[in-house]
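S.K.: Generate a structure from the sequence data that follows.
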Amino acid sequence: MALWVLVAGITIALSLLISSAVSFWISSRQDPLEELGVKSTYPRSALPDDKIQAYMQLKDKMRTEFAKDAIGDMWVSKLPAHVKDMLKYRLMQRAIGDMSLLQKIDADARGYWKLFSKGIITSKFWNSVLAAERELSQEIEAVKNEALAIEPSHDPQGIVSEAMQLVVRYGDKIWDKFPEPPENAPGGSNALAAAAKAVAAAGMPRPPGAPPGPFPPPGPPPPQQGGSTDTYKWRQDTEEVEVSVIVPDNTVKTEVKVQFQSKSLKVLRAGKALVEGVLASPCCPEGCTWTLSKGHIVVTLEKADPKPWRSLFVERS
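M.R.: Numbers count the residues shown, from 1 in each chain. As a prediction, the model looks like this:
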(Lines give C-alpha, C1' and ligand atoms only; values in the text may rest on other atoms or scores of the structure.)
Protein backbone atom coordinates (compact mmCIF):
# COMPACT_ATOMS: atom_id res chain seq x y z
CA MET A 1 0.00 0.00 0.00
CA ALA A 2 2.77 2.37 0.97
CA LEU A 3 4.58 1.49 -2.26
CA TRP A 4 1.45 2.24 -4.32
CA VAL A 5 1.05 5.62 -2.63
CA LEU A 6 4.71 6.40 -3.32
CA VAL A 7 4.39 5.47 -7.00
CA ALA A 8 1.21 7.55 -7.34
CA GLY A 9 2.90 10.52 -5.70
CA ILE A 10 5.90 10.29 -8.02
CA THR A 11 3.59 10.03 -11.06
CA ILE A 12 1.62 13.12 -10.02
CA ALA A 13 4.82 15.06 -9.35
CA LEU A 14 6.23 14.14 -12.76
CA SER A 15 2.94 15.14 -14.45
CA LEU A 16 2.98 18.53 -12.75
CA LEU A 17 6.63 19.03 -13.67
CA ILE A 18 6.01 18.17 -17.34
CA SER A 19 2.89 20.38 -17.44
CA SER A 20 4.82 23.32 -15.98
CA ALA A 21 7.66 22.82 -18.44
CA VAL A 22 5.26 22.72 -21.42
CA SER A 23 3.43 25.84 -20.19
CA PHE A 24 6.72 27.69 -19.80
CA TRP A 25 7.84 26.62 -23.29
CA ILE A 26 4.56 27.79 -24.85
CA SER A 27 4.61 31.14 -23.04
CA SER A 28 8.24 31.81 -23.98
CA ARG A 29 7.89 30.64 -27.57
CA GLN A 30 7.69 33.44 -30.16
CA ASP A 31 5.02 33.58 -32.81
CA PRO A 32 6.49 32.22 -36.09
CA LEU A 33 5.85 35.59 -37.78
CA GLU A 34 7.61 37.43 -34.94
CA GLU A 35 10.61 35.16 -35.42
CA LEU A 36 10.71 36.43 -39.02
CA GLY A 37 10.64 40.04 -37.83
CA VAL A 38 6.90 40.63 -38.37
CA LYS A 39 5.38 42.73 -35.58
CA SER A 40 2.55 41.35 -33.44
CA THR A 41 0.35 44.40 -34.12
CA TYR A 42 -0.25 46.64 -37.13
CA PRO A 43 2.84 48.88 -37.40
CA ARG A 44 1.52 51.76 -39.51
CA SER A 45 0.66 55.05 -37.83
CA ALA A 46 -3.03 55.83 -38.33
CA LEU A 47 -2.69 59.62 -38.18
CA PRO A 48 -0.64 62.34 -39.95
CA ASP A 49 0.42 63.84 -36.61
CA ASP A 50 2.66 66.53 -38.11
CA LYS A 51 -0.16 67.89 -40.30
CA ILE A 52 -2.64 67.79 -37.43
CA GLN A 53 -0.25 69.67 -35.14
CA ALA A 54 0.55 72.27 -37.81
CA TYR A 55 -3.16 72.99 -38.29
CA MET A 56 -3.94 73.14 -34.56
CA GLN A 57 -0.97 75.41 -33.85
CA LEU A 58 -2.08 77.86 -36.53
CA LYS A 59 -5.66 77.75 -35.27
CA ASP A 60 -4.51 78.41 -31.69
CA LYS A 61 -2.41 81.31 -32.94
CA MET A 62 -5.43 82.77 -34.75
CA ARG A 63 -7.60 82.31 -31.66
CA THR A 64 -5.09 84.24 -29.56
CA GLU A 65 -4.91 87.03 -32.12
CA PHE A 66 -8.56 87.35 -33.18
CA ALA A 67 -10.81 85.62 -30.62
CA LYS A 68 -8.99 85.31 -27.32
CA ASP A 69 -12.12 85.10 -25.17
CA ALA A 70 -14.32 83.18 -27.62
CA ILE A 71 -16.01 79.93 -26.62
CA GLY A 72 -16.44 77.17 -29.18
CA ASP A 73 -15.51 77.53 -32.86
CA MET A 74 -18.04 80.05 -34.19
CA TRP A 75 -15.29 82.66 -34.36
CA VAL A 76 -13.43 80.73 -37.08
CA SER A 77 -15.99 81.54 -39.80
CA LYS A 78 -15.67 85.26 -38.97
CA LEU A 79 -11.92 85.47 -39.51
CA PRO A 80 -10.61 87.91 -42.16
CA ALA A 81 -10.53 86.30 -45.59
CA HIS A 82 -6.72 86.15 -45.90
CA VAL A 83 -6.41 84.59 -42.44
CA LYS A 84 -9.13 82.07 -43.19
CA ASP A 85 -7.29 81.11 -46.39
CA MET A 86 -4.19 80.30 -44.35
CA LEU A 87 -6.23 78.02 -42.12
CA LYS A 88 -7.83 76.34 -45.14
CA TYR A 89 -4.41 75.58 -46.61
CA ARG A 90 -3.31 73.87 -43.40
CA LEU A 91 -6.59 71.96 -43.21
CA MET A 92 -6.19 70.80 -46.81
CA GLN A 93 -2.69 69.55 -45.96
CA ARG A 94 -4.20 67.67 -43.02
CA ALA A 95 -6.94 66.17 -45.21
CA ILE A 96 -4.36 65.10 -47.80
CA GLY A 97 -2.33 63.43 -45.06
CA ASP A 98 -5.46 61.58 -43.95
CA MET A 99 -6.30 60.41 -47.47
CA SER A 100 -2.72 59.27 -48.13
CA LEU A 101 -2.87 57.10 -45.04
CA LEU A 102 -6.39 55.94 -45.85
CA GLN A 103 -5.20 54.59 -49.20
CA LYS A 104 -2.38 52.67 -47.54
CA ILE A 105 -4.45 51.34 -44.63
CA ASP A 106 -7.28 50.30 -46.97
CA ALA A 107 -4.84 48.35 -49.14
CA ASP A 108 -3.19 46.80 -46.09
CA ALA A 109 -6.55 45.86 -44.56
CA ARG A 110 -7.66 43.96 -47.65
CA GLY A 111 -4.40 42.00 -47.68
CA TYR A 112 -4.40 41.32 -43.95
CA TRP A 113 -8.03 40.20 -44.06
CA LYS A 114 -7.05 37.43 -46.45
CA LEU A 115 -4.21 36.40 -44.13
CA PHE A 116 -6.47 36.53 -41.07
CA SER A 117 -9.22 34.50 -42.75
CA LYS A 118 -6.62 31.79 -43.47
CA GLY A 119 -5.30 31.83 -39.90
CA ILE A 120 -1.90 33.22 -40.89
CA ILE A 121 -2.11 36.31 -38.65
CA THR A 122 -3.58 36.49 -35.15
CA SER A 123 -6.78 38.10 -33.92
CA LYS A 124 -4.60 40.54 -31.99
CA PHE A 125 -2.96 41.74 -35.21
CA TRP A 126 -6.25 41.96 -37.13
CA ASN A 127 -7.92 43.88 -34.29
CA SER A 128 -5.04 46.37 -34.37
CA VAL A 129 -5.72 46.92 -38.10
CA LEU A 130 -9.39 47.62 -37.32
CA ALA A 131 -8.34 49.97 -34.50
CA ALA A 132 -6.16 51.94 -36.94
CA GLU A 133 -9.10 52.21 -39.36
CA ARG A 134 -11.39 53.48 -36.59
CA GLU A 135 -8.83 56.03 -35.42
CA LEU A 136 -8.37 57.39 -38.94
CA SER A 137 -12.14 57.46 -39.51
CA GLN A 138 -12.53 59.62 -36.39
CA GLU A 139 -9.78 61.93 -37.65
CA ILE A 140 -11.53 62.33 -41.02
CA GLU A 141 -14.74 63.28 -39.20
CA ALA A 142 -12.71 65.82 -37.20
CA VAL A 143 -11.43 67.36 -40.45
CA LYS A 144 -14.99 67.69 -41.75
CA ASN A 145 -16.03 69.37 -38.49
CA GLU A 146 -13.16 71.85 -38.87
CA ALA A 147 -14.17 72.53 -42.49
CA LEU A 148 -17.75 73.15 -41.37
CA ALA A 149 -16.56 75.60 -38.73
CA ILE A 150 -14.54 77.55 -41.33
CA GLU A 151 -17.29 77.60 -43.97
CA PRO A 152 -20.66 76.72 -42.35
CA SER A 153 -22.54 77.03 -45.67
CA HIS A 154 -20.31 74.54 -47.54
CA ASP A 155 -20.55 70.74 -47.68
CA PRO A 156 -17.76 69.50 -45.37
CA GLN A 157 -17.42 66.30 -47.42
CA GLY A 158 -15.99 68.44 -50.23
CA ILE A 159 -12.53 68.82 -48.68
CA VAL A 160 -12.27 65.06 -48.10
CA SER A 161 -13.33 64.20 -51.65
CA GLU A 162 -10.97 66.78 -53.16
CA ALA A 163 -8.08 65.59 -50.99
CA MET A 164 -8.60 62.01 -52.16
CA GLN A 165 -8.71 63.14 -55.81
CA LEU A 166 -5.44 65.02 -55.36
CA VAL A 167 -3.77 62.02 -53.70
CA VAL A 168 -4.92 59.72 -56.51
CA ARG A 169 -3.82 62.22 -59.15
CA TYR A 170 -0.38 63.07 -57.80
CA GLY A 171 0.54 60.03 -55.68
CA ASP A 172 3.89 60.33 -53.92
CA LYS A 173 4.46 63.76 -55.51
CA ILE A 174 1.51 65.32 -53.69
CA TRP A 175 3.73 67.18 -51.21
CA ASP A 176 5.55 68.83 -54.11
CA LYS A 177 2.19 70.42 -54.90
CA PHE A 178 1.31 71.21 -51.27
CA PRO A 179 4.71 72.02 -49.66
CA GLU A 180 5.33 73.43 -46.23
CA PRO A 181 4.86 77.22 -46.42
CA PRO A 182 7.83 79.50 -45.65
CA GLU A 183 6.04 81.02 -42.66
CA ASN A 184 9.25 82.16 -41.01
CA ALA A 185 10.56 83.85 -44.14
CA PRO A 186 9.87 87.53 -44.90
CA GLY A 187 6.39 87.75 -46.31
CA GLY A 188 5.85 84.06 -45.58
CA SER A 189 2.36 84.44 -44.21
CA ASN A 190 1.36 86.46 -47.26
CA ALA A 191 2.73 83.73 -49.52
CA LEU A 192 0.74 81.14 -47.59
CA ALA A 193 -2.45 83.19 -47.80
CA ALA A 194 -2.02 83.75 -51.52
CA ALA A 195 -1.42 80.07 -52.16
CA ALA A 196 -4.39 79.07 -50.04
CA LYS A 197 -7.00 81.12 -51.91
CA ALA A 198 -7.73 78.31 -54.33
CA VAL A 199 -8.37 75.90 -51.46
CA ALA A 200 -11.55 77.80 -50.65
CA ALA A 201 -12.98 76.33 -53.84
CA ALA A 202 -11.26 72.98 -53.18
CA GLY A 203 -8.84 73.74 -56.00
CA MET A 204 -5.12 73.44 -56.51
CA PRO A 205 -3.02 76.29 -55.03
CA ARG A 206 0.28 77.32 -56.46
CA PRO A 207 3.06 76.18 -54.11
CA PRO A 208 3.89 79.06 -51.75
CA GLY A 209 7.29 80.64 -52.22
CA ALA A 210 7.95 78.78 -55.48
CA PRO A 211 9.65 80.52 -58.44
CA PRO A 212 7.61 81.50 -61.49
CA GLY A 213 6.85 78.69 -63.88
CA PRO A 214 4.08 76.43 -65.17
CA PHE A 215 1.80 74.96 -62.52
CA PRO A 216 -1.44 72.99 -62.48
CA PRO A 217 -4.58 75.05 -63.07
CA PRO A 218 -5.72 76.93 -59.96
CA GLY A 219 -9.22 75.46 -59.83
CA PRO A 220 -10.88 72.07 -60.06
CA PRO A 221 -11.97 70.64 -63.42
CA PRO A 222 -15.34 72.03 -64.51
CA PRO A 223 -18.32 70.01 -63.27
CA GLN A 224 -20.32 67.88 -65.68
CA GLN A 225 -23.72 66.23 -65.53
CA GLY A 226 -24.48 63.81 -62.70
CA GLY A 227 -27.56 62.20 -61.24
CA SER A 228 -29.08 60.17 -58.41
CA THR A 229 -31.32 57.18 -57.65
CA ASP A 230 -32.73 55.72 -54.45
CA THR A 231 -29.48 53.84 -53.81
CA TYR A 232 -26.71 56.12 -55.07
CA LYS A 233 -25.68 59.55 -56.32
CA TRP A 234 -23.06 60.26 -58.94
CA ARG A 235 -21.19 63.25 -60.29
CA GLN A 236 -18.31 63.80 -62.69
CA ASP A 237 -15.66 66.16 -63.95
CA THR A 238 -13.31 65.83 -66.91
CA GLU A 239 -11.10 63.31 -65.11
CA GLU A 240 -13.22 61.28 -62.71
CA VAL A 241 -16.66 59.97 -61.87
CA GLU A 242 -17.61 59.80 -58.19
CA VAL A 243 -20.37 57.41 -57.09
CA SER A 244 -21.73 57.65 -53.54
CA VAL A 245 -23.64 54.48 -52.56
CA ILE A 246 -25.97 54.68 -49.57
CA VAL A 247 -25.34 52.08 -46.82
CA PRO A 248 -26.27 51.74 -43.12
CA ASP A 249 -24.12 53.83 -40.77
CA ASN A 250 -22.82 50.70 -39.03
CA THR A 251 -21.30 49.28 -42.23
CA VAL A 252 -17.65 48.19 -41.85
CA LYS A 253 -15.06 47.84 -44.59
CA THR A 254 -14.77 44.08 -44.23
CA GLU A 255 -18.37 43.83 -45.47
CA VAL A 256 -17.69 45.87 -48.59
CA LYS A 257 -16.39 44.64 -51.92
CA VAL A 258 -16.02 46.81 -55.01
CA GLN A 259 -15.25 45.26 -58.39
CA PHE A 260 -13.78 47.56 -61.05
CA GLN A 261 -13.60 46.62 -64.71
CA SER A 262 -13.08 48.91 -67.68
CA LYS A 263 -16.75 48.68 -68.67
CA SER A 264 -18.53 47.59 -65.49
CA LEU A 265 -18.91 48.37 -61.79
CA LYS A 266 -20.24 46.23 -58.96
CA VAL A 267 -20.56 47.32 -55.32
CA LEU A 268 -21.46 44.70 -52.71
CA ARG A 269 -22.17 44.78 -48.98
CA ALA A 270 -22.23 41.51 -47.05
CA GLY A 271 -22.40 39.62 -50.34
CA LYS A 272 -25.42 41.57 -51.63
CA ALA A 273 -25.04 43.69 -54.76
CA LEU A 274 -26.07 47.30 -54.06
CA VAL A 275 -25.01 48.78 -57.40
CA GLU A 276 -24.21 46.81 -60.53
CA GLY A 277 -24.17 47.56 -64.22
CA VAL A 278 -22.39 48.18 -67.50
CA LEU A 279 -20.73 51.61 -67.45
CA ALA A 280 -21.91 54.16 -69.99
CA SER A 281 -18.26 54.92 -70.86
CA PRO A 282 -15.01 53.09 -70.10
CA CYS A 283 -12.88 53.74 -67.03
CA CYS A 284 -9.27 52.92 -66.10
CA PRO A 285 -9.50 50.25 -63.34
CA GLU A 286 -5.93 50.83 -62.15
CA GLY A 287 -6.83 54.42 -61.25
CA CYS A 288 -10.11 53.60 -59.50
CA THR A 289 -10.48 53.70 -55.71
CA TRP A 290 -13.15 53.44 -53.04
CA THR A 291 -13.52 54.45 -49.42
CA LEU A 292 -16.12 54.08 -46.69
CA SER A 293 -17.53 57.24 -45.16
CA LYS A 294 -20.32 57.19 -42.57
CA GLY A 295 -23.44 56.03 -44.39
CA HIS A 296 -21.78 55.96 -47.84
CA ILE A 297 -19.40 53.92 -49.95
CA VAL A 298 -17.63 56.50 -52.12
CA VAL A 299 -16.31 55.06 -55.38
CA THR A 300 -13.99 57.11 -57.62
CA LEU A 301 -13.68 55.99 -61.25
CA GLU A 302 -10.85 57.36 -63.39
CA LYS A 303 -12.18 58.22 -66.84
CA ALA A 304 -10.53 56.71 -69.90
CA ASP A 305 -11.79 59.72 -71.86
CA PRO A 306 -12.48 63.28 -70.59
CA LYS A 307 -15.78 63.52 -72.47
CA PRO A 308 -18.93 63.79 -70.30
CA TRP A 309 -20.81 60.60 -69.46
CA ARG A 310 -24.49 60.85 -70.41
CA SER A 311 -25.35 58.45 -67.60
CA LEU A 312 -23.53 56.24 -65.12
CA PHE A 313 -24.76 52.95 -66.55
CA VAL A 314 -25.98 51.80 -69.94
CA GLU A 315 -29.76 51.85 -69.87
CA ARG A 316 -31.30 48.40 -69.93
CA SER A 317 -33.67 47.76 -72.80
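S.K.: From residue 234, how far off is residue 315?
M.R.: Note on residue 315: its distance to residue 234, by Cβ to Cβ, to the nearest Å, is 14 Å. Where you see a C-beta, it was placed from the backbone N, CA and C, and this is true even at glycine.
S.K.: the more surrounded of those two?
M.R.: Neighbours per residue (other Cβ atoms under 10 Å) separate residue 315 from residue 234, with residue 234 holding more: 21 against 9.
S.K.: for the record, mean pLDDT for the helix or strand harbouring residue 127?
M.R.: Here residue 127, judged by DSSP states H and E, is contained in helix 123-150. Taken as a whole, helix 123-150 carries a mean pLDDT of 92.
S.K.: Which helix or strand lies directly C-terminal to that helix?
M.R.: Counting by DSSP H and E, what follows helix 123-150 is helix 157-170.
S.K.: The next helix or strand after that following helix: which residues count as buried?
M.R.: Heading C-terminal from helix 157-170, the first helix or strand you meet, by DSSP H and E, is helix 174-177. For helix 174-177, the buried set under the neighbour-count rule, 16 or more other Cβ atoms under 10 Å, comprises 174, 177.
S.K.: cool, and stretch 276-296?
M.R.: 277, 279, 281, 283, 285, 287-293, 296.
S.K.: Which of these fall in strands?
M.R.: The strands, defined by DSSP state E, take in 277, 289-293, 296 from the buried residues of stretch 276-296.
S.K.: Out of those, give me the two with the largest separation.
M.R.: Largest separation among those by Cβ to Cβ: 277 and 293, giving 22.0 Å.
S.K.: Flag every buried residue along the strand or helix carrying residue 61.
M.R.: Under the criterion of DSSP H and E, residue 61 resides in helix 49-66. Residues of helix 49-66 classed as buried: 51-52, 54-55, 58-59, 62-63 (neighbour count, 16+ other Cβ under 10 Å).
S.K.: Report the inter-axis angle for that helix versus helix 123-150.
M.R.: 30 degrees (axes from the mean of the first three to the mean of the last three Cα atoms, to 10 degrees).
S.K.: how far is the helix or strand following helix 49-66 from where the chain is centred?
M.R.: The helix or strand immediately downstream of helix 49-66 is helix 81-117, counting by DSSP H and E. Offset of helix 81-117 from its chain centre (Cα atoms, centre = their mean, to the nearest Å): 4 Å.
S.K.: Kind regards, and thank you for your time.
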